[in-house]
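> Just need the structure, nothing else, for what follows:
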Amino acid sequence: MPYSHIGVRSSAAEQSLAQALAALSEEFKLPRDFAPEVLTEVEQVIAAHELPAPDLSALPFITIDPPTSQDLDQAMYLERSDDGYVVHYAIADVPSFVPAGGPLDAETRRRGQTIYTPGQRIPLHPAPLSEGAASLFAQQPRSAYVWEIHLAADGSQSSATVRRATVQSVAKLGYEEAQKMYDAGTAPAAFASTLALLAEIGTKRIALERARGGASLNVPAQEVEFVDGRYVLEFRPNLPIEDWNAQISLLTGMAAASIMIEGKVGILRTMPTPDEEAVATFRLQTVALGTPWTKDIAYGEYLRRLNTEDPKQLAIMHAATSLFRGATYTPFNGTVPDDIMQAAVAAPYAHTTAPLRRLVDRFVLAICAALCANDDVPAWAIEALMELPEIMSVSNQLAGKVDRAAVDTVEAALLSHLLGEEFDAVVVAGPRSNGSKSTPRSSIQIRVPAVSAYCEGDLTPGTVVRVKLAAVDIAKRSVTFVPAA
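Numbers count the residues shown, from 1 in each chain. Have a look, this model is predicted:
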């Protein structure tokens, strides 16, 4: 059994881990329970909520999410048309549950997004809303913003609109479950065609992404999961169906951006093209690591060709993070800004498909629906545009810090009984200064156990080295590796 699936070995370590994870809430000042006035407002809004008149509940929508998810933002129904495809993409109707200027509105602006820690989530909305009335559960009539996106035979978009409507999902699927159904051809008749078309459309959208120069940074990421009462660390690659599913979300975000740009009001998710210095530095790194990035290949295509099982190419993928910086939110009203591109997507793009978990999506949905209906954009949405970038920036930074701290904590606990043992590691970057210490340290990745950490010493990126676990401190989230003798 790989170390990544071995739980904490001692009661002392279990207690230290529990205390350290519990302390994250206090350390990062994470929001606690919702105030009584927020819960009262949610209860009143749910009781008075009415489903919208357009009734699309006859369409067999499905949701595809991690199997334990209860905050289901998206449901899809895909069909073939005479000249291509039609994507029906239902997004949870959060705007109708959040009165502008009320206690819940204020609280969601304070939180910004749902924050996840191992075995716990700090939700953006109270559970009766995010895991109840607004979540797109199967066999439950739900209010949704339904995108209708028409695609040509090659998967390119020809038109897109969004409106509020009533939908009803016929199935809640996990990623692995959906992948197995697709691979074996065992999906029920109600949604077998949607799974088949998801693969077909997703594959074509990936091809279009490659053609326009879009890029995905597929660095193997550590994931912490709480399985059978214990924490585990692992590197888990995406299943094909996750990539196809992501393409539907990207398509919708691009459609939202186009609608707002045409309407000259909204908020985009933008990222600048890497500057010449960053590109030149990265090119030199690829040469040094044996897989040169030549100027005739777009960087998205180059990254897509890398094999992260190869230590040197894994180091290149980590180095490529220098090209994926500067993402922000760009609001506008009346005049479209000069910089509207999301460089990694290689197109204008907006966040609109996760309103239960991310604040900005609620405003994008309301703006796009108003523009599609030729209605006035709600004043509450326009008034929030200029403050949303700061809210989301603070929230994103907090979420990133909490996630890293949680992984470091679990990592230390899982390794606590392996002190003195040796492992094979890939050097992915380095060296860097070690804080106030004079000893440099390099970034390493160990596959078994699934650990991304630092090792003392000036090590060469792309090499495989033998390292020894020299020290572990669960409370300080500290793990120290040194080169083995």
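
> buried ones in the longest strand along the chain?
In the chain, taking DSSP state E as the definition, the longest strand is strand 422-434. For strand 422-434, a neighbour-count test (16 or more other CB atoms under 10 Å) marks 423, 425-431 as buried. Glycine gets a C-beta too; all of them are placed from N, C-alpha and C.

> Give the buried residues for stretch 61-76.
61-65, 69, 71-76.

> again, but for stretch 250-258
For stretch 250-258, the neighbour count (16+ other CB under 10 Å) marks 250-258 as buried.

> just to revisit the earlier point, distance between the longest strand of the chain and the chain's centre?
In terms of CA atoms, centre = their mean, to the nearest Å, the centre of strand 422-434 is found 27 Å from the chain centre.

> ok, now which ones touch Gly101?
Residues in contact with Gly101 (CB atoms under 8 Å, 6 or more residues apart in numbering) are Trp380.

> same thing with Asn307?
Counting by CB under 8 Å, 6+ apart, Asn307 touches Gln313.

> Wasn't it part of a helix?
No. Asn307: not assigned to a helix; according to DSSP: H, G, I helix; E, B strand; the rest coil it is coil.

> So which residues of the stretch 251-400 of the chain form strands?
265-270, 328-333 (DSSP state E, counting those that start in this stretch).

> TSV for the ones you listed, including mean neighbour count?
Shown next, in TSV, are these (neighbours: other CB atoms under 10 Å):
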stretch	mean neighbour count
strand 265-270	24
strand 328-333	18
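
> partner strands of the strand or helix carrying Leu469, parallel or antiparallel?
Here Leu469 sits within strand 464-473, counting by DSSP states H and E. The strands beside strand 464-473 in its sheet (DSSP bridges) come out as strand 422-434 (antiparallel), strand 478-483 (antiparallel).

> hmm, back to that, would you mind giving the strands of the stretch 251-400 of the chain as JSON lines with mean pLDDT added?
Shown next, in JSON lines, are those (pLDDT from 0 to 100):
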{"stretch": "strand 265-270", "mean pLDDT": "98"}
{"stretch": "strand 328-333", "mean pLDDT": "98"}
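
> Which of these sits closest to Tyr349?
Closest approach to Tyr349 among the strands of the stretch 251-400 of the chain (CB to CB): strand 265-270, 5.3 Å.

> so what does that closest one touch, helix or strand wise?
helix 240-263, strand 328-333, helix 359-372 (3 or more CB pairs under 8 Å, 6 or more residues apart in numbering; DSSP states H and E).

> got a markdown table for the ones you listed, with distance to Tyr145 too?
Shown next, in a markdown table, are those (distance: least, CB to CB, whole Å):
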| stretch | distance to Tyr145 |
| --- | --- |
| helix 240-263 | 10 |
| strand 328-333 | 19 |
| helix 359-372 | 5 |
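
> Nearest to Gln120 among those would be which one?
Closest to Gln120 of these is helix 359-372 (CB to CB; 19.9 Å).

> Low-confidence regions, this structure specifically.
1-13, 119, 220-222, 224-231, 432-438 (pLDDT under 70).

> So in it, which helix runs the longest?
Assignment by DSSP state H gives helix 388-415 as the longest helix of the chain.

> Run a quick neighbour tally on Gly420.
As a burial measure, Gly420 scores 8 neighbours (other CB atoms under 10 Å).

> Now do the same contact list for it.
Shown in contact with Gly420 (CB under 8 Å, 6+ apart): 468-470.

> Got the phi and psi for it?
Per-residue torsions, Gly420: phi 90, psi -10 (degrees, to the nearest 10).

> now the angle from the strand holding Leu469 to helix 388-415?
90 degrees (axes from the mean of the first three to the mean of the last three CA atoms, to 10 degrees).

> Just the buried positions in strand 464-473, please.
Going by neighbour count (16+ other CB under 10 Å), the buried part of strand 464-473 is 465, 467-469, 472.

> Now tell me what touches it from outside.
Against strand 464-473 from outside (CB under 8 Å, 6+ apart): 311, 412, 415-416, 418-427, 444, 446, 455-456, 459, 478-485.

> Export that strand to CSV, keeping only CA atoms.
The C-alpha trace of strand 464-473 is given here as CSV (Å, rounded to 0.1, in the frame of the first residue of the first chain):
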residue,chain,number,x,y,z
VAL,A,464,16.2,12.4,-9.1
VAL,A,465,17.8,12.5,-5.7
ARG,A,466,17.7,10.4,-2.6
VAL,A,467,16.5,12.4,0.4
LYS,A,468,16.1,11.6,4.1
LEU,A,469,13.3,12.9,6.4
ALA,A,470,15.3,14.7,9.1
ALA,A,471,12.6,16.5,11.2
VAL,A,472,8.9,16.8,11.5
ASP,A,473,6.8,19.2,13.6
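
> now that strand, how far from the centre of its chain.
With CA atoms, centre = their mean, you get 31 Å for strand 464-473.

> How is this protein partitioned into domains?
Annotated domains of the chain cover 1-30+396-485, 47-222+237-272+326-386, 276-323 [automatic domain parsing].

> Quickly compare the ones you listed and say which is most buried.
domain 47-222+237-272+326-386 (a mean of 19; mean count of other CB atoms under 10 Å).

> for the residue lying closest to Asp403 once chain neighbours are set aside, helix, strand, or coil?
Leaving aside its sequence neighbours, Asp403 sits nearest to Tyr116 (CB to CB, 6 or more residues apart in numbering; 7.0 Å). Tyr116 falls in the strand class when you classify it by three-state DSSP.

> who's in contact with Tyr116?
Counting by CB under 8 Å, 6+ apart, Tyr116 has contacts 122, 399, 402-403.

> ok, these vs Glu131, which is closest?
Looking across those and measuring by CB to CB, the closest to Glu131 is Ile122, at 13.4 Å.

> Name whatever forms a beta bridge with the closest one.
With DSSP bridges as the rule, Ile122 is bridged to Ile115.

> So it versus Arg357, what's the distance?
Noted for Ile122: a distance of 11 Å to Arg357, by CB to CB, to the nearest Å.

> Which residues are in contact with each of the two?
With CB under 8 Å, 6+ apart, Ile122 and Arg357 have common neighbours Thr114.

> so what's the backbone phi/psi at the nearest residue to Ser395 once chain neighbours are set aside?
In space, and not counting its chain neighbours, Ser395 is closest to Gly112: 2.6 Å by CB to CB, 6+ apart. Torsion angles at Gly112 (phi, psi; degrees, to the nearest 10) stand at phi 80, psi -40.

> Number the residues from 294 up from this point.
Okay, residue one is now 294; in that scheme the one you just asked about reads as Gly405.

> There's contact between Gly405 and Val687 in this structure, I believe.
Yes. In this structure Gly405 lies within contact range of Val687 using CB atoms under 8 Å: 6.6 Å.

> Can you tell me which of the domains of the chain is nearest to Leu332?
Proximity to Leu332 (CB to CB) singles out domain 340-515+530-565+619-679 among these, at 5.9 Å.

> end to end, how far does the closest one reach?
32 Å (CA to CA, to the nearest Å).

> Which stretch among the strands of the stretch 544-693 of the chain approaches Arg456 most closely?
The closest of the strands of the stretch 544-693 of the chain to Arg456 is strand 558-563. By CB to CB, the value is 16.8 Å.

> Give me the angle between that closest one and helix 652-665.
Angle of strand 558-563 versus helix 652-665, following the same axes, to 10 degrees, is 130 degrees.
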